[in-house]
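Peer 1: sequence unavailable; structure follows:
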C-alpha cells in the first residue's frame, strides 16, 4: 500500500472537505472521463466530507488489524517443550562443555562436579548410550580429580565395585553370566600378579573385590531364574584362566582397545569394564532404567580405577 507524507494527507483531507484548491484539481484530473463536463449533483451536504473521512479511517484501521498477527517470540515453542529424561541428563552431563571459552577454571570445576552422576543417568535413560554413559562417568571423575587436587579439594573416592544391597536386576541372565565371568577373570589375574609383586596397583584387596562382584552376579542370576521357574544354571566362572601375556608383561602391556602401552593392572581393570559394557549392550532385550544405571555404575567404577592406575582418559583412547 502506498504511503504518503503527513503533509500530503492533511492537504487531501482539507481539499475533500472544502471541495476547492489543489484537492479539486486532483479529483478533476483523476476523473475517469476528463473531457466530459461534470454532472450536476445538486446541493452539497456539508457533512458528507466528514462522513467520508470517518469511513476512510475505519476502513484503514480494519485493514491494518486484519493484516497484523501476534508476533512469534523466538524460541518460545522450544522453551515450552518438555525435555525428556534423556535430554535432561545429557544437558547436565555436558554443561561444562557448553561454557564459553575463557570461563574461569574454578567455575568449570564446579560445573563438572555434577557430570559423573549425570552420565550414569545418561546410561540408564538414553537408548544406545549405555557405553558412553559408563565411560564418560569415569572420564569426568578423572577431570574432577585433577581439578580437585589443584584447588585443594577431595578427589572422587574409588568406591568398591560391587553390587552390595542389590536384590534383583531386570536383564537377560546371559548378560549377568558374561559379567560374572569378566569379574572372575580380572580377580584371578590380579591375584596372581599381586603374589608376584611386580605390578603396580595389583593388590589382593582389588582381586577380592572382583571375586565378590562375580559371586553377587551369579547369585542374582540364580534368583532371576528361580523366580521365573527355570532350573538352576551352570556357574559361568572358570576359576583359572590363561594369563601368559600378563605374566610376560607385568609392568606395562599393549592395549588393543586404545592402541597404546598401558600399565598392566590398568589394562585388567579396563578390560573388565569393557567386557561388562559389551555384555549389557549385547542383550536383545534392553534392561530397565534402574538396572542399566546399576550396571553402568559397576562398569564405570572399573574404568575409573583403570584411569587412576594410569589408563589414558582421552576420547581417542576410550572411544576408538
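Peer 2: Cool, got the structure. Just so it is clear, the model here is predicted, and its values are computed rather than measured.

Peer 1: now do the helices in this protein.
Peer 2: All helices of the chain, identified by DSSP state H, fall at 6-18, 22-29, 48-67, 76-80, 85-93, 105-112, 115-125, 130-150, 173-196, 204-227, 244-248, 264-281, 289-308, 315-318.

Peer 1: for the last one, give me every contacting residue.
Peer 2: When contacts are defined by CB atoms under 8 Å, 6 or more residues apart in numbering, helix 315-318 is touched by residues 135, 139, 257-260, 311-312. C-beta: built from backbone N, CA, C; applies to glycine.

Peer 1: about what we covered before: redo the helices of the chain as JSON lines? Include mean neighbour count and mean pLDDT.
Peer 2: What follows is these, written out as JSON lines (neighbours: other CB atoms under 10 Å; pLDDT from 0 to 100):
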{"stretch": "helix 6-18", "mean neighbour count": "13", "mean pLDDT": "42"}
{"stretch": "helix 22-29", "mean neighbour count": "12", "mean pLDDT": "36"}
{"stretch": "helix 48-67", "mean neighbour count": "11", "mean pLDDT": "50"}
{"stretch": "helix 76-80", "mean neighbour count": "8", "mean pLDDT": "52"}
{"stretch": "helix 85-93", "mean neighbour count": "17", "mean pLDDT": "96"}
{"stretch": "helix 105-112", "mean neighbour count": "14", "mean pLDDT": "94"}
{"stretch": "helix 115-125", "mean neighbour count": "23", "mean pLDDT": "97"}
{"stretch": "helix 130-150", "mean neighbour count": "21", "mean pLDDT": "97"}
{"stretch": "helix 173-196", "mean neighbour count": "22", "mean pLDDT": "97"}
{"stretch": "helix 204-227", "mean neighbour count": "18", "mean pLDDT": "94"}
{"stretch": "helix 244-248", "mean neighbour count": "12", "mean pLDDT": "97"}
{"stretch": "helix 264-281", "mean neighbour count": "25", "mean pLDDT": "98"}
{"stretch": "helix 289-308", "mean neighbour count": "24", "mean pLDDT": "97"}
{"stretch": "helix 315-318", "mean neighbour count": "15", "mean pLDDT": "96"}
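
Peer 1: out of these, flag the one nearest residue 161.
Peer 2: The closest of the helices of the chain to residue 161 is helix 289-308. By CB to CB, the value is 3.8 Å.

Peer 1: which strands or helices does that closest one pack on?
Peer 2: Counting contacts by 3 or more CB pairs under 8 Å, 6 or more residues apart in numbering; DSSP states H and E, helix 289-308 is packed against helix 115-125, helix 130-150, helix 173-196, helix 264-281.

Peer 1: got those helices as TSV, with distance to residue 244 columns?
Peer 2: Below are the helices and strands packed on helix 289-308 laid out as TSV (distance: least, CB to CB, whole Å):
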stretch	distance to residue 244
helix 115-125	34
helix 130-150	28
helix 173-196	11
helix 264-281	13
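
Peer 1: for the most centrally placed residue in the chain, list the residues it contacts.
Peer 2: Most central in the chain under CA atoms, centre = their mean is residue 90, positioned 2.0 Å from the mean C-alpha point. Counting by CB under 8 Å, 6+ apart, residue 90 touches 118, 122, 126.

Peer 1: surely residue 201 touches residue 265?
Peer 2: Yes. Counting by CB atoms under 8 Å, residue 265 is a contact partner of residue 201 at 3.5 Å.

Peer 1: now do the shared contacts for these two.
Peer 2: What both residue 201 and residue 265 touch, as defined by CB under 8 Å, 6+ apart, is the set residue 309.

Peer 1: circling back to that earlier point, out of the helices of the chain, which is closest to residue 167?
Peer 2: helix 204-227 (7.4 Å).

Peer 1: packing partners for the closest one?
Peer 2: With contacts defined as 3+ CB pairs under 8 Å, 6+ apart, helix 204-227 has these neighbours: helix 173-196.

Peer 1: how far does the helix it packs on sit from its chain's centre?
Peer 2: Chain-centre distance of helix 173-196: 32 Å, with CA atoms, centre = their mean, to the nearest Å.

Peer 1: what sits against residue 248?
Peer 2: So residue 248 contacts nothing (CB under 8 Å, 6+ apart).

Peer 1: so in terms of bridging, what pairs with residue 253?
Peer 2: Note on residue 253: beta-bridge partners residue 262, judged by DSSP bridges.

Peer 1: ok, it touching residue 260?
Peer 2: No. Counting by CB under 8 Å, residue 260 is not a contact partner of residue 253; they are 10.1 Å apart.

Peer 1: pull out the buried positions in stretch 154-174.
Peer 2: For stretch 154-174, burial by neighbour count (16 or more other CB atoms under 10 Å) applies to 156, 161-163, 166, 169, 171-173.

Peer 1: just those residues: which are in strands?
Peer 2: Using DSSP state E, no member of the buried residues of stretch 154-174 falls in strands.

Peer 1: which one of those is nearest residue 280?
Peer 2: Once CB to CB is applied, the member of the buried residues of stretch 154-174 that ends up nearest residue 280 is residue 171, at 7.0 Å.
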